[in-house]
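**Q** sequence below, structure please.
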Amino acid sequence: MIRMAIVEDEKIYVDKLMEYIQKLQDENGYQIEVKWFRDGCDITDGYDSNYDIILMDIQMKFLDGMSAARKIRELDQDVIIIFITNMTDYAIRGYEVGAMDYIVKPVSYFAFSEKLKRAIKKICTRSTHYISVPVEGGIRKIDISTIYYVESHGHNLCYKAEELELEVRGTMNELEKVLSPYSFFRCSKSFLVNMQYVEVIQENQCIVHGERLSVGRKKKKEFMQKLLNYMSEVM
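**A** Next up, the predicted model:
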């Protein structure tokens, strides 16, 4: 799923972009989730760093696109920003905020589709994947590969990762669905572990990055098989 934000104050352009996005999905099999913001201040206030691509208009009433992009870059170095504007000379300054590209209005489907496909290809070839977790005052992105394990405490989840220990609200069942594709295994009711850091499985315990965690009796056989499969893939 590609998560996209459109920051544009004119609905006529938003409608055209949504039409193009739907056509792009139909032609290429992409799955794109889109959220619309009417102004730069709308996306920067309480910014949710869970977007892969931001299509950003430059001329807006309250906070222009270049200023909004600068604010976003303070929180999110990875999101792809593409400016959509009729101000070609100004758009070229996008390198100042790490913009990937710009599209000139009126937007043609060919130009739009070519630049979006390039952006999506870049996302799909990234070796780093992130999970966004709610924290006080906003959202924090965590590099999935740095997570050793996650432990549930009632209605909270405790993330143990490189240089990070973070407890947030959440459910283990939902997190398991998100992290399972990235070689995580739920070895017990309370622990979801990253196979990358599993050192040994012994009796009803496993050692993950030097820490002993409990393994459910009914989970042990499947856990051992999953670990063997993982090791054969990475060796």
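**Q** now the lengthiest helix in the chain - C-alpha only, CSV.
**A** The residue-count maximum for a helix in the chain (DSSP state H) belongs to helix 11-28. The C-alpha coordinates for helix 11-28 follow below in CSV (Å, rounded to 0.1, in the frame of the first residue of the first chain):
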residue,chain,number,x,y,z
LYS,A,11,-10.5,21.2,-5.6
ILE,A,12,-10.6,21.2,-9.4
TYR,A,13,-6.9,20.1,-9.4
VAL,A,14,-7.5,17.6,-6.6
ASP,A,15,-10.3,16.0,-8.6
LYS,A,16,-8.0,15.7,-11.6
LEU,A,17,-5.2,14.2,-9.5
MET,A,18,-7.6,11.7,-8.0
GLU,A,19,-8.8,10.7,-11.5
TYR,A,20,-5.1,10.2,-12.6
ILE,A,21,-4.3,8.2,-9.4
GLN,A,22,-7.3,5.9,-10.0
LYS,A,23,-6.2,5.4,-13.7
LEU,A,24,-2.6,4.7,-12.5
GLN,A,25,-3.9,2.0,-10.1
ASP,A,26,-6.0,0.4,-12.8
GLU,A,27,-3.2,0.2,-15.3
ASN,A,28,-0.4,-0.9,-12.9
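**Q** can you give the contact residues for it?
**A** When contacts are defined by CB atoms under 8 Å, 6 or more residues apart in numbering, helix 11-28 is touched by residues 4, 6, 8, 30-32, 34, 36, 55, 57, 84, 105, 107, 109, 112-113, 116-117. From N, CA and C alone the C-beta is placed, and that goes for glycine too.
**Q** next helix or strand past the helix or strand of the chain with the lowest mean pLDDT?
**A** One helix or strand of the chain scores below all others by mean pLDDT, DSSP states H and E: helix 88-91, with a mean of 64. Counting by DSSP states H and E, the element after helix 88-91 in chain order, helix or strand, is strand 101-104.
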